[in-house]
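Student: Okay, here's the prediction I keep looking at, along with the sequence it came from:
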Amino acid sequence: MGLLASIDTGGTHTDIVVIDTEQGKLFTHKVPTTPGQLSDGVLDGLNDTLADGDFSLSDIRRLIYGTTLVTNIIIERDAVPVALITTQNFRDVLAMGKANRQENIYDLRWRPTAPLVPRYLRFGVRERITSSGEVIEALDEQDVRDRLAQIVEHGVDTVAICLINAYVNPAHESRIAEIARKEFPGLRVSVSSELMREFREYERTSTTVVNAFVMKPIDEHLGTLEGALHNAGLKSPAMIMRANGGIMSFGAAKKQPVALTHSGPMGGIIGSTVIAKSSGNPDLITFDMGGTSSDVSLISNGKPALTSRSTVSGLPVKLPTLDLVTVGAGGGSIAWIDSAGALKVGPKSAGAAPGPACYAKGGTNPTVTDANLILGRLNPDWFLAGKGSLDVDLARKAVDSIAEQLNLGTMEAALGIVAISESHMVNAIKLSSIKRGIDPRNMTLVGFGGAGPLHTLALARELEIKKAIIPCAPGNMSALGMLSADLMHDFVQSKVCLLADSSAQQLKDSISHLLEAGAEWLESEAHTDMESTLLASVDLRYKGQSHELNLPVGHIDDTIIDDLDEAFSKEHKRVYGYNMPDDPVELINLRVSAIGHLSKPNWTRMPDESVAGVQSARDVWFDASGPVNVPVYRAEGLSEDSEIEGPVVIEFTGSTFVAPSNWSISCDTFGHLHVTFKE
């Protein structure tokens with residue numbers, strides 16, 4: 001495999017991982033994100049990491065990039081205006097949505113999420129295709145040209161095209177896109193039938209518009225980054241992490257940027273599946289706490305949960321994605337006092353610039369990082385593995401501004417900031433587990449991210465979880481996990497009918513074009529060390545239901561229809577606790593996942609004997625009873641036979657793990673810490 005590299009650009013820090021597969025060496029680095037020009041931070045961090053191993057960019061054989069940029073653009077709505085072309089009389093689909101209120105119907109202050117496209121930029125064109133695919137009104141091409149001209153006159157350079165029944169017959173959509181690309185070459189075009197041929201017009205329109213909304217900034221960013229990398233000496237093609245847990249080329253990402261939502265955090269989930277396999281812990285809760293937010297996901301039987309009903313900032317994105325719950329609680333989350341005099345933490349973050357007060361970059365607001373620093377949980381002289389430092393006095397001054405308003409001592413205020421932040425994370429874990437009928441007490445909590453290991457055991461105690469794992473490079477876990485991802489793309493075609501009315505041959509014929517499309521995609525993304533797989537599946541439901549279950553389709557033979565009916569009945573009972581075997585089953589969607597399996601790196605690392613043993617000791621506040629003097633270890637010095645009892649602090653190059661008493665820690669051959677609660 002040679003040299004592998006990955007980059008994860010977050011809101012606060014950019015994480016770099018380089019693996020020399022020939023010598024089995026792992027190099028990690030963490031640098032501040034450069035919001036104005038992300039590629040600057042990427043190149044600086046990558047060059048510094050390569051220098052640690054005496055490598056250059058030309059030595060890299062595989063490079064994978066992950067970023068939160070797409071998600072941030074959607075949340076902040078910081079992009080140029082886009083337009084929408086749809087079927088006449090359907091221009092308000094985005095505004096109407098599903099015509100229902102949020103879960104709390106009694107919230108009088110609730111307001112629906114504003115559409116990304118204002119009404120004056122939503123245009124209907126004359127055409128009509130039925131739900132069976134029959135053309136009953138031909139496309140008025142002059143009407144299309146007039147609408148496109150209006151869009152250009154408004155100064156808009158990106159247009160989303162989503163006709164009402166294009167999922168079953170994309171002919172009119174394809175023609176509109178052809179006219180736009182040929183006669184209005186300055187327009188970027190996002191076409192629903194090129195993204196997802198699935199029914200439910202609101203979700204499909206929303207996905208197409210979100211794709212259009214991020215298309216220009218992602219096109220420019222990836223173009224700039226790819227050019228900078230190759231100009232600096234990179235010879236191999238760059239790939240990017242996507243929401244379904246796979247990767248794809250920069251070129252493919254520019255066409256479908258909506259697939260990059262939560263790109264960075266997905267690497268941590270994929271990395272956790274590797275840990276699940278190697279550690280013999282198949283059921284995990286992943287907890288990824290960075291500088292801006294915390295992300296929680298579930299891994300059951302060694303496989304991450306997948307959903308096709310995700311949302312970003314309240315906007316549906318109907319593409320397969322790893323199931324993730326995100327809360328605005330990170331190391332940079334700002335503590336503040338509300339109008340009622342109550343202490344709040346987040347969701348606003350100090351980010352990378354100016355950052356927490358202790359960064360000494362001009363920030364004055366107290367953050368979770370400032371609180372952890374003055375509580376002794378962080379080493380002020382070991383920031384970014386000793387390449388930076390943290391200012392304790394500035395952190396104390398910031399926290400004192402809160403303490404004075406609450407009439408509390410400094411340490412009490414700091415403990416309060418940490419406790420409130422942790423309560424947000426506990427709620428996120430409950431949303432991922434308890435709310436879905438899963439008992440977290442029977443699972444293992446995997447804590448990572450720059451700030452995650454600081455809080456992992458506090459969350460475990462609150463949730464009565466008795467086992468936790470801290471990965472070998474927790475501060476760079478998302479970047480590390482990307483190197484275990486495969487090339488992946490999903491294809492879907494809605495076909496709503498009774499399952500009993502279908503035959504094996506009809507099912508085979510219907511799914512064959514998706515298999516062909518998957519094979520073509522893999523060929524376009526082909527790598528020398530790739531093994532291709534095409535996985536077919538179907539979405540089924542009982543007639544009258546509004547939700548489906550996905551079931552795999554293997555070899556299609558004469559018994560496939562009866563086999564699917566029986567399998568659906570069993571799966572429905574497993575998921576929901578009941579089934580209705582006498583009720584008719586509907587076929588809803590056909591799916592194919594195209595997977596290009598890549599060779600995986602070995603995570604084994606050799607301990608550094610020069611830093612073995614206790615490095616120092618310091619006072620740490622775990623609660624209001626006062627400080628406890630605890631030993632401090634460096635993670636790179638721990639060997640496979642290391643056994644440590646809490647209370648203890650273990651410092652990684654990009655993160656810090658804190659364990660109170662009643663927890664025992666052991667280290668495995670991969671460098672992962674296995675933590676167990678002692679009754």
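Tutor: Yep, it's here.

Student: Helix, strand, or coil at Thr71?
Tutor: At Thr71, secondary structure determined by DSSP: H, G, I helix; E, B strand; the rest coil is helix.

Student: after the host helix or strand of Ile420, next one along is what?
Tutor: In this structure, Ile420 sits in helix 410-432 according to DSSP states H and E. From helix 410-432 onward toward the C-terminus, using DSSP H and E, the following helix or strand is strand 444-448.

Student: strand partners of that next one, parallel vs antiparallel please.
Tutor: Strand 444-448 has these partner strands in its sheet, going by DSSP bridges: strand 284-289 (parallel), strand 467-470 (parallel).

Student: Out of these, the one nearest Leu408 is which?
Tutor: strand 284-289 (24.5 Å; Cβ to Cβ). Just so you know, the C-beta spots here come from the backbone N, C-alpha and C atoms, and that holds for glycine as well.

Student: average pLDDT across that closest one?
Tutor: For strand 284-289, the mean pLDDT works out to 95.

Student: quick one: that strand to helix 410-432, angle?
Tutor: 140 degrees (axes from the mean of the first three to the mean of the last three Cα atoms, to 10 degrees).

Student: Show me which residues of the top helix by length along the chain are buried.
Tutor: If each helix of the chain is counted by residues according to DSSP state H, the longest one is helix 201-231. The neighbour-count criterion (16 or more other Cβ atoms under 10 Å) identifies 201-219, 221-222, 225-226, 229 as the buried residues of helix 201-231.

Student: Ok, stretch 411-420 next?
Tutor: In terms of neighbour count (16+ other Cβ under 10 Å), stretch 411-420 has its buried residues at Met411, Ala413, Ala414, Leu415, Gly416, Ile417, Val418, Ile420.

Student: before we move on, what about stretch 585-601?
Tutor: Applying a neighbour-count criterion of 16+ other Cβ under 10 Å, the buried positions in stretch 585-601 are 585-596, 598, 601.

Student: Return stretch 334-346 as CSV; C-alpha atoms alone will do.
Tutor: Only the C-alpha atoms of stretch 334-346 are listed here, as CSV (Å, rounded to 0.1, in the frame of the first residue of the first chain):
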residue,chain,number,x,y,z
ILE,A,334,-19.3,29.1,25.1
ALA,A,335,-20.8,29.3,28.6
TRP,A,336,-23.3,32.2,29.1
ILE,A,337,-26.1,33.4,31.4
ASP,A,338,-29.6,33.6,30.0
SER,A,339,-32.2,36.2,30.8
ALA,A,340,-33.5,34.2,33.8
GLY,A,341,-30.0,34.0,35.3
ALA,A,342,-29.4,30.4,34.5
LEU,A,343,-26.1,29.0,33.3
LYS,A,344,-26.1,27.7,29.7
VAL,A,345,-23.4,26.1,27.5
GLY,A,346,-23.5,26.2,23.7
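
Student: Could you check the pLDDT of the residue nearest the centre of the chain?
Tutor: The central residue of the chain, meaning the one whose C-alpha is nearest the mean C-alpha position (Cα atoms, centre = their mean), is His262 at 2.9 Å. As predicted, His262 sits at a pLDDT of 89.

Student: Would you check that it makes contact with Leu319?
Tutor: No. Using Cβ atoms under 8 Å as the test, His262 is too far from Leu319 to be in contact (11.4 Å).

Student: Check the contact lists of those two and give me the overlap.
Tutor: Common neighbours of His262 and Leu319 (criterion: Cβ atoms under 8 Å, 6 or more residues apart in numbering): Ala243.

Student: Show me how far stretch 175-185 is from its chain's centre.
Tutor: Centroid separation between stretch 175-185 and its chain, computed with Cα atoms, centre = their mean, to the nearest Å, is 33 Å.

Student: Buried by neighbour count: which residues of that stretch qualify?
Tutor: Buried, per 16+ other Cβ under 10 Å, within stretch 175-185: Ile176, Ala177, Ile179, Ala180, Phe184.

Student: tell me the average confidence for that stretch?
Tutor: When the per-residue pLDDT values of stretch 175-185 are averaged, the result is 97.

Student: Export that stretch to CSV, keeping only CA atoms.
Tutor: Output of stretch 175-185 as CSV, limited to C-alpha atoms (Å, rounded to 0.1, in the frame of the first residue of the first chain):
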residue,chain,number,x,y,z
ARG,A,175,-34.0,17.7,-21.3
ILE,A,176,-34.2,20.8,-19.0
ALA,A,177,-30.6,20.0,-17.8
GLU,A,178,-29.5,19.6,-21.4
ILE,A,179,-30.9,23.0,-22.4
ALA,A,180,-29.4,24.7,-19.3
ARG,A,181,-25.9,23.2,-19.8
LYS,A,182,-25.9,23.9,-23.6
GLU,A,183,-27.6,27.3,-23.8
PHE,A,184,-26.7,28.7,-20.3
PRO,A,185,-23.2,27.3,-19.8
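
Student: Which residues does that stretch contact?
Tutor: 85, 125, 139, 141, 144-145, 148-149, 152, 159, 161, 163, 187, 189, 191, 194.

Student: Give the buried residues for stretch 560-570.
Tutor: Those buried within stretch 560-570 under the rule 16+ other Cβ under 10 Å are Ile560, Ile561, Asp563, Leu564, Ala567, Phe568, Ser569.

Student: Please work out which residues outside it touch it.
Tutor: Contact with stretch 560-570 is made by 499-500, 502-504, 507, 538, 540, 549, 551, 553, 579-581, 585, as judged by Cβ under 8 Å, 6+ apart.
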